[in-house]
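Colleague: Test case, fold it:
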Amino acid sequence: MKTCRAARVIGTVIIALMSTRSVVIAQGTLDRSKPPELGPPPRVSLPPIITRVLPNGLKLMIVEQHELPLADFVLLVGSGSTADPAGKAGVANLTAAMLREGTTTRKSLDIADQAAFLGVSLAPTSSWESSSLSLHTPTAQLDSALALFADVALHPSFPANEFERLRKNRLTDLLQIRDQGPQIANIAFPAIIYGTAHPYGLASIGTETSVKSLSTSDLQSYYETNFKPNNSTLIIVGDVNPDQIEQKITARFGSWQRGTIPQLTYGEPPKSAATTIYLIDKPGAPQSSFRIGSVGVPRSTQDYFALTVMNTILGGSFTSRLNQNLRETRGYTYGAGSRFDMRRAAGPFMASAEIVAAKTDSALLEFMKELNGIRQTVPPEELSRAKRYLQLQLPGNFETTQQIAAALVPVALYGLPLDYYNNYVQSIEGVTEADVARVAQQYINPAGLAIVIVGDRKSIEAGLKSTNIGPVEIRAMSGQPVQ
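Modeller: Residues are numbered from 1 along each chain as shown. Okay, the predicted model is just below:
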């Protein structure tokens, strides 16, 4: 009977849709010869962000979202891989990974069993600037979930057996990277533009040498130095009451002891040299991995919105110039793009693609053509299309409590205004053709680029030299000069 009723409902919907389509066609309002016109972007108005600070310095950012009985918590610690001690690259990454592997009262399997029983998820992560632990839970299990969350966050034990397992996995990952051109390029590129004396020039996952040197005491030391309430923000989104959730958080995290957080000094990256091609040999590689760029800008730049629009045109969307040229027109790659990775200090600007090996030199010429072309005046229709792309996709980033919590991470990490997203559409709309040309000319310098290419040297080196774009230097997989 249920099947029959469902079939009748579906049939009714199909008939209604067919009727609507017939009416539209009959009225002559459906013109398939051109794409539909985009209307003005809607104003985005998000729920208010309520802030509190506990006596120990732990900051709370609370957003009420009562549509579903769910809540998301992100404990954001303001230290990441840039805080790795000298010679200990990878310690922040492994410290975060170890949070779920045991506490002073729970073993790894106990944590996994309780999370499964409660129907919650616990996810530790780390980045250059932060470490975090996320909790997604039904509010029916809120008290038990918060007890588990706080235990994992505040009382990790870093058991030796679990550490050895994770370290072996990490060493296996590092070994596998040697055979993956894109991964080699991802490690070599920052090492070349920043150097190994700058934290951004080191791999966040570490090296074989650094990972082998680590011990559980290194992880414990990193945790005790950086995981402090006055270095942390707890983001809370979901079906919660601000006053009640503050009481629950105080009960679980109020005894967490504040401490002195070491001040990081990033230092100045090396000055950009004349455009140079850094070739890393991967014999027999069927494709060449391109990473082209330079040191970019910090997240605090006043040019954030102009750069975002400019990069959307250059390589930040499927219809960007780089992708349309290298993929759609030339057929050299499955995808090409670019991005400004903005961090506390100036992060890298990078254009990238995986190019069929036979077209390596041709692709390089096209890359340079687009990097030069973006410095010219952008046509009004292209500028408008890029702005609408950014504006109209914004609401889709706030559909779930998890998405809202993730969107608040940069607000907390970089001290953005609490109304940042409410003003985003207007900020993008205010970017002009002159703004795009100015930031392209200021931050993209075709005469001072590092062009890192991982590929079969024997078959591509001569072609790269013939482009006359810059001298060719041979580098090792680490990005360092070949000895």
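Colleague: Once you drop chain neighbours, what's closest to residue 287?
Modeller: In space, and not counting its chain neighbours, residue 287 is closest to residue 354: 5.0 Å by CB to CB, 6 or more residues apart in numbering. In short, each C-beta sits where N, CA and C put it, glycine included.
Colleague: tell me the secondary structure for that neighbour?
Modeller: Look at residue 354: counting by DSSP: H, G, I helix; E, B strand; the rest coil, its state is strand.
Colleague: Which residues outside stretch 183-198 are in contact with it?
Modeller: Under the contact criterion CB atoms under 8 Å, 6 or more residues apart in numbering, stretch 183-198 has outside partners 177-178, 200-203, 266-267, 269-270, 272, 278, 280, 282, 289-291, 293-295, 348, 350, 352, 450, 452-454, 475, 477-480.
Colleague: Tell me which of these fall in helices.
Modeller: residue 177 (DSSP state H).
Colleague: List only those of the contacts of stretch 183-198 flagged as buried.
Modeller: Buried members of these, counted by 16 or more other CB atoms under 10 Å: 177, 200-203, 269, 272, 278, 280, 282, 289-291, 293-295, 348, 350, 352, 450, 452-454, 475, 477, 479.
Colleague: so residue 97 touches residue 167, yeah?
Modeller: No. The criterion here is CB atoms under 8 Å, and residue 97 misses it with residue 167 at 10.0 Å.
Colleague: Okay, helices next: where are they in the stretch 101-250 of the chain?
Modeller: 108-118, 142-154, 160-177, 181-194, 208-213, 216-226, 242-253 (DSSP state H, counting those that start in this stretch).
Colleague: Now do the buried residues in the longest one.
Modeller: Within helix 160-177, the residues that qualify as buried by neighbour count (16+ other CB under 10 Å) are 162, 163, 167, 170, 174, 177.
Colleague: List the contacts of the third one.
Modeller: When you say that, I think you mean residue 167. Taking CB under 8 Å, 6+ apart, one finds 94, 211, 212, 214 in contact with residue 167.
Colleague: If you drop the residues flanking it in sequence, what lies closest to the last one?
Modeller: Spelled out, it's residue 214. Among residues not flanking residue 214 along the chain, residue 91 sits closest, at 6.0 Å (CB to CB, 6+ apart).
Colleague: before we move on, the earlier item: my guess is the residue nearest to residue 287 contacts residue 286. True?
Modeller: No. Here residue 354 lies out of contact with residue 286, judged by CB under 8 Å, at a distance of 9.8 Å.
Colleague: With neighbour numbers in mind, choose between those two.
Modeller: Looking at residue 354 and residue 286 with other CB atoms under 10 Å, you find the greater number of neighbours at residue 354, namely 20 against 12.
Colleague: Show the contacting residues for the more buried one.
Modeller: So residue 354 contacts 181, 182, 287, 288, 289, 290, 333, 334, 335 (CB under 8 Å, 6+ apart).
Colleague: Most neighbours among those residues, which one is it?
Modeller: residue 288 leads the contacts of residue 354 on contacts (other CB under 10 Å) with 30 neighbours.
Colleague: how close does it sit to residue 279?
Modeller: Computed as CB to CB, to the nearest Å, the residue 288 to residue 279 distance reads 9 Å.
Colleague: Now the common contact residues for those two.
Modeller: The contact sets of residue 288 and residue 279 overlap at 453, 455, 460 (CB under 8 Å, 6+ apart).
Colleague: The first one: what's it in contact with?
Modeller: Spelled out, it's residue 453. 185, 277-280, 288-291, 360, 364, 460, 464.
Colleague: is it in a bridge, and if so with what?
Modeller: residue 279, residue 290 (DSSP bridges).
Colleague: mind starting the numbering at 555 from now?
Modeller: Will do, 555 is the new start, and the previous item becomes residue 1007.
Colleague: what's the pLDDT at it?
Modeller: As predicted, residue 1007 sits at a pLDDT of 98.
Colleague: Next secondary structure element downstream of the helix or strand bottoming out on mean pLDDT in the chain?
Modeller: When the helices and strands of the chain are scored by mean pLDDT, DSSP states H and E, helix 556-581 comes last with a mean of 42. Where DSSP states H and E defines the elements, the next helix or strand beyond helix 556-581 is strand 604-607.
Colleague: in that following strand, what's buried?
Modeller: Buried, per 16+ other CB under 10 Å, within strand 604-607: 604, 606.
Colleague: just checking, what packs against that strand?
Modeller: Applying 3 or more CB pairs under 8 Å, 6 or more residues apart in numbering; DSSP states H and E, one finds that strand 604-607 makes contact with strand 613-618, helix 796-807.
Colleague: sorry, back to before: export the contacts of residue 1007 as JSON lines, with columns for distance to residue 789 and pLDDT.
Modeller: Output for these, formatted as JSON lines (distance: CB to CB, whole Å; pLDDT from 0 to 100):
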{"residue": "739", "distance to residue 789": "33", "pLDDT": "98"}
{"residue": "831", "distance to residue 789": "43", "pLDDT": "98"}
{"residue": "832", "distance to residue 789": "40", "pLDDT": "98"}
{"residue": "833", "distance to residue 789": "44", "pLDDT": "98"}
{"residue": "834", "distance to residue 789": "40", "pLDDT": "98"}
{"residue": "842", "distance to residue 789": "41", "pLDDT": "98"}
{"residue": "843", "distance to residue 789": "35", "pLDDT": "98"}
{"residue": "844", "distance to residue 789": "36", "pLDDT": "98"}
{"residue": "845", "distance to residue 789": "32", "pLDDT": "98"}
{"residue": "914", "distance to residue 789": "44", "pLDDT": "98"}
{"residue": "918", "distance to residue 789": "43", "pLDDT": "98"}
{"residue": "1014", "distance to residue 789": "47", "pLDDT": "98"}
{"residue": "1018", "distance to residue 789": "47", "pLDDT": "98"}
